[in-house]
Each structure stands twice: as C-alpha cells, then as structure tokens.
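Colleague: got a structure for you, letters missing:
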C-alpha cells in the first residue's frame, strides 16, 4: 500500500486508528475455546466489528510465536482475513545482518515463500543500514523503524547523547539516507508527547506509528497537538483497550464501541487540518 | 544449561565452537529435496557429523520463518534433535515492551507453550531493561545481548559516544545492573578483534558469543588473543563455512572436516589457558 492510499483511507474513514491484534490465548473470552482456532475466531470477530473505524491492523508476532506452530497458523489465517484496504503491520521488531534480514523480509513480505505479505514491518535499528535495507528492496513495502519507544526501558539507551543529539534522533536522521517518506515510518511512543515537536523538525513528512495510547498512558490530544502534519502523518495504535474492552460474549460489540469512540476523537482532530 | 556445564563441555571437547544452522532451502544439496523435510534432513546430517567438535548449535530463526509454517516445523524438529549436552542458541534478535518480551520468552523457553526450550536467545538492546528482563525470569536460561555486531551497519549507531563511552560499551555496562555472568552473554563480532580488549575491561567474566569468523572475515587467533579469559569465555560461531563446505552428497563429511579443523585450532588456543 502506497503513501497516497494510506492518506485516502484516512480521509475516507476519518480515522488514523490502527488496532493491535495482541491476541493472547489466555485473555480471550472463554466461550471461544470451543472453536478449532480460538485466537483466529477472536481476531475474525474483532476485525468484523472494527473495520469501519480503523485504517490499519497491527499484528504483534510475539503473541503468535509464543504458541509455536498453532500460533503461526493463527497468524497466517488472521493475515489472510485482514480487509485489503487496511494497512497491515507486522509488529515483529526484527533486524539482523544483511543476508539474514533478507530472510526476514521473505518471512513477512513474500507470500510465496512464507504465506505472509504484510504492507510493513517494524524493525529495530541497533544493527544499522544493512539490517534495514533488505526490507526496502520490496516494492510498495514499508519499514517502520523503532525510534522513541513507549516503554520505561526507552530511557536506558535511546537518550544517549552525542553532539547534542539523542540516539533516537540520530536514528531518524541517519535512516533518511536510506529511505524516504514513501517507504519509511518511525515508531514514536504516545507516552512522550513533548518529544514529537523535535521529531517533526527531523522528519516533517514521515508517518509516525504511535503505540501507547490507552493502556500505556498517552493521550491522543497531545500526540495530535505535537505530531500531526498536513497529511495527518500519524497512525495511532491501540491494542488492549479495544480488543479486551469486554471479556464476555459481547467482546466484539464492546471492541466496536471503543474503536468508534477513538475514531470520533480522531475525526475531531482531522477537522483541524481540513481533512 | 548453567555456566559451569558450558565450561565443562569446553574442557571435555576441547572446543568452544558453535555451529550456526543457517540452513537455507535454496542452498542445501539438491539430493535432499526428495525428503519430506529437506531442511530438517540437512540439519540432522550436519548435527550427526559435527557434534563431536562443537559445544553449541545456533539456530537463526530468520532462515526458518522465511518459509512460514513449513519452516517452523523444521525449526521445532531441529531443536528436538539437538544433542542434550550442547548449548542451544535461538538467534532470534527479539526485544519488545515488557509484556510482549514475556511472550517471546514463552516462544523460545517454554516448551509447553511453543514446543521450544532453547538454553538462550539473542536479544536486541534498543528498548532497554524491560525488553530484556522477561527472558531472565526463566531459570537456567540465558540472554545473549547484542553489543558490537560483526556487520558493516554496526558503525551506524553502536559507536555513538557519550561521556567517552560508545553505545555498545554502555549496553555492556548498563545490562550488568540487570543480570550476571551466570545468565547474560554478549554478542561481539569477530571482525572487530581490537575491540575485545576494551570489552574485557567492562565484562571480564562474561561469555561472549562471537559470530563473523570465517565467511565474514574475522580470525580465530585474534579473537582468542584479545577475548579469551581464564574460563575460556568465548563461544565462537561459524555457520556458512561449515554447513556449506560442500553442496554435493558429501556435504556432511565436508562439514565434519571443517568443524574438526576449527576444533583443532581451538584446542591449541585452550592449551594456552591450561584447559
């Protein structure tokens, strides 16, 4: 999916919401356990209930790998069930030396090889250029590079400073030598609203994938105030607050209501940039 | 596997070799394609041929994920085939926020959940403490943290300097607040021999996992000269130079010869520390 399509979907749905399918076998409603693949059934109902209100689904691979082969089956089925007009994110945080990152690119971008054909993958920057470029060799695919993450541990290394620039700022600067706003996004945690100001100086045009709204404590208003650009430039993810809104038989309806609530808040923010 | 067992295996086999099963479907010998699971058959024969000469096998998950479900089946079968007295490494380079890293820990350390029960996993440090600690909550399991990698891209961020200390040195320093030489190792590339001197000042006791000997250009003599400690303290990995030593029907014999050659070189180095 190309940049212009993402922008058009944001305009059409008046939403820049991504829903994180962090579907934990131990947390899904009990009545689903009667299905062959309870996690897939959960995801399917969540997707059916929420697709009107989001432009993206993010699948965090950890929740599937943790269940081994069965988990990968659920992952592949879920991927295939995603509506074609939504932007699909493999939240995999991969990255290795060049020839190995090329294998990871096959894993998530080459359906013939792996059964998966995501629009994008999250990548960890620690190993530098040759760990990132193999993903960019796929046409119309995106790297979403970790820059400033939403967790407590972000403080340990991401704020190391050289020449008056933090590590996460160097990641944003340097990576623009390898890719453009047409195939590169950054992960910036919602818990760090004030940092969006500086990030927008370094990357005015890039889309930012923003986790941490909701369960992790960031607010949408602050993210929009400091992070929005003329094309919206934000994909804000919510996982637990939506998919676990209820753990009864009404979980899908409850998820729909939560997703709609966020979409309506987003619609008000989009009016401000005349979308 | 605990530290003392690793040291005893090094003494017993006079080797600190890890063999990387970077088994690429497109590179394995053609005559194996008649088997149900050619990659597993390849690994099985490599393991049978080389187990006398190495103390560890490293499975890089990218080579298996790239083939989707079939690849994960090969991975699980290969894991189950590893000799119990070898140190098993999931070279997965994972790392995410705390609750998600806990899922990755289940994926690689919790056999009941995923079918896998590796001794160790490689982890990327970018997201800091809470991305690493969930792996350490498993008894007798190891985190092998990326410090100074062997690839060209290592230069992009790992040498960022604050207060006269490089990022990779800060990773080594900081992580010792979370773990000890009994459950934490570091990845240090063989291509950077001279750097071992400084790393040994920061981590005199820790085991270092050293990729990049062979195909990537580092020499064993240099690694030992600067990196060895009184307990050996090194696990040196070779992948392609061993497993692809021949691509004919003699591939396993050729791998055995290559592994033995490295073992003999290692034996000479171990004599110097009276092992």
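Modeller: Now that the structure is in, tell me what you want to look at. These figures come from a predicted structure and were not determined experimentally.
Colleague: which parts of stretch A:82-90 are buried?
Modeller: Within stretch A:82-90, the residues scored as buried using 16 or more other C-beta atoms under 10 Å in any protein chain shown are A:82, A:86, A:87, A:88, A:89, A:90. Using the backbone N, CA and C atoms, a C-beta is placed for each residue, glycine as well.
Colleague: narrow these to those in helices?
Modeller: Nothing among those maps onto helices, per DSSP state H.
Colleague: of those residues, closest to chain B?
Modeller: residue A:90 (10.6 Å; C-beta to the nearest C-beta).
Colleague: pretty sure that closest one is touching residue A:56, no?
Modeller: No: look at residue A:90 against residue A:56 with C-beta atoms under 8 Å: they stay out of range, at 11.7 Å.
Colleague: farthest-apart pair in the buried residues of stretch A:82-90, please.
Modeller: Greatest spatial distance among those (C-beta to C-beta): A:86 and A:90, at 13.3 Å.
Colleague: my read: residue A:181 touches residue A:206, true?
Modeller: Yes: at 4.7 Å, residue A:181 and residue A:206 qualify as touching, with contact defined as C-beta under 8 Å.
Colleague: for the two, indicate the residue with more neighbours.
Modeller: Taking neighbours as other C-beta atoms under 10 Å in any protein chain shown, residue A:181 and residue A:206 compare with residue A:206 leading, 27 against 16.
Colleague: for that one, list the residues it contacts.
Modeller: For residue A:206, the contact set (C-beta atoms under 8 Å, 6 or more residues apart in numbering or on different chains) comprises A:181, A:184, A:185, A:186, A:233.
Colleague: wait, doesn't the second one sit right on residue A:142?
Modeller: Yes: with contact defined as C-beta under 8 Å, residue A:184 counts as touching residue A:142 (6.8 Å).
Colleague: might you specify the subset of the contacts of residue A:206 located within strands?
Modeller: Among these, DSSP state E puts A:184, A:185, A:186 in strands.
Colleague: which of those residues tops the neighbour count?
Modeller: For those, neighbours tallied by other C-beta under 10 Å; top is residue A:185, 26 neighbours.
Colleague: pretty sure that residue sits against residue A:120.
Modeller: Yes: between residue A:185 and residue A:120 there is a contact at 7.1 Å, judged by C-beta under 8 Å.
Colleague: and the contacts of the lengthiest helix in chain A?
Modeller: Scanning chain A for the longest helix, with DSSP H as the assignment, gives helix A:251-272. Applying C-beta under 8 Å, 6+ apart, the contact partners of helix A:251-272 are A:10, A:13-17, A:19, A:28-29, A:42, A:45-46, A:48-50, A:52-54, A:213, A:220-221, A:224, A:228, A:232, A:236, A:238, A:241-246, A:248.
Colleague: buried ones among those residues?
Modeller: Buried members of the contacts of helix A:251-272, counted by 16+ other C-beta under 10 Å: A:10, A:13-17, A:19, A:28-29, A:42, A:45-46, A:49-50, A:53-54, A:213, A:220, A:224, A:228, A:232, A:236, A:238, A:241-245.
Colleague: so of the residues you listed, which ones are in helices?
Modeller: Going by DSSP H, the helices hold A:10, A:13, A:42, A:45, A:46, A:49, A:50, A:220, A:224, A:241, A:242, A:243 from these.
Colleague: show me where chain A has strands.
Modeller: Using DSSP E, strands in chain A cover A:17-20, A:56-60, A:87-94, A:120-123, A:142-148, A:161-162, A:165-166, A:184-188, A:208-210, A:234-238.
Colleague: want to throw those into a markdown table with mean pLDDT and distance to chain B?
Modeller: Below are the strands of chain A laid out as a markdown table (pLDDT from 0 to 100; distance: least, C-beta to the nearest C-beta, whole Å):
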| stretch | mean pLDDT | distance to chain B |
| --- | --- | --- |
| strand A:17-20 | 98 | 10 |
| strand A:56-60 | 98 | 6 |
| strand A:87-94 | 98 | 6 |
| strand A:120-123 | 98 | 9 |
| strand A:142-148 | 98 | 6 |
| strand A:161-162 | 97 | 5 |
| strand A:165-166 | 96 | 9 |
| strand A:184-188 | 98 | 10 |
| strand A:208-210 | 97 | 14 |
| strand A:234-238 | 97 | 12 |
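Colleague: TSV for these, including distance to residue A:71?
Modeller: Putting those into TSV (distance: least, C-beta to C-beta, whole Å) gives the following:
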stretch	distance to residue A:71
strand A:17-20	16
strand A:56-60	11
strand A:87-94	13
strand A:120-123	18
strand A:142-148	22
strand A:161-162	40
strand A:165-166	36
strand A:184-188	23
strand A:208-210	23
strand A:234-238	20
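Colleague: which residue is the nearest non-sequential neighbour of residue A:71?
Modeller: Excluding its sequence neighbours, the residue lying closest to residue A:71 (C-beta to C-beta, 6 or more residues apart in numbering or on different chains) is residue A:64, at 3.8 Å.
Colleague: in this structure residue A:174 contacts residue B:155, no?
Modeller: No: counting by C-beta under 8 Å, residue A:174 stays clear of residue B:155, with 10.4 Å between them.
Colleague: tell me which of the two has more neighbours.
Modeller: It is residue A:174, of residue A:174 and residue B:155, that has more neighbours when counted by other C-beta under 10 Å, with 16 against 11.
Colleague: got the contact list for that one?
Modeller: Counted by C-beta under 8 Å, 6+ apart, residue A:174 has contacts A:129, B:156, B:157.
Colleague: what's the closest of those residues to residue B:2?
Modeller: Distance to residue B:2, by C-beta to C-beta, is smallest for residue B:157 among these, at 33.0 Å.
Colleague: for that closest one, what are its contacts?
Modeller: Contacts of residue B:157 (C-beta under 8 Å, 6+ apart): A:125, A:126, A:128, A:167, A:170, A:171, A:174, B:167.
Colleague: ok, now with 6 Å
Modeller: Contacts for residue B:157 were tallied using C-beta atoms under 6 Å, 6 or more residues apart in numbering or on different chains; they are residue A:128.
Colleague: from residue B:170, how far off is it?
Modeller: Distance, residue B:157 to residue B:170, using C-beta to C-beta, to the nearest Å: 12 Å.
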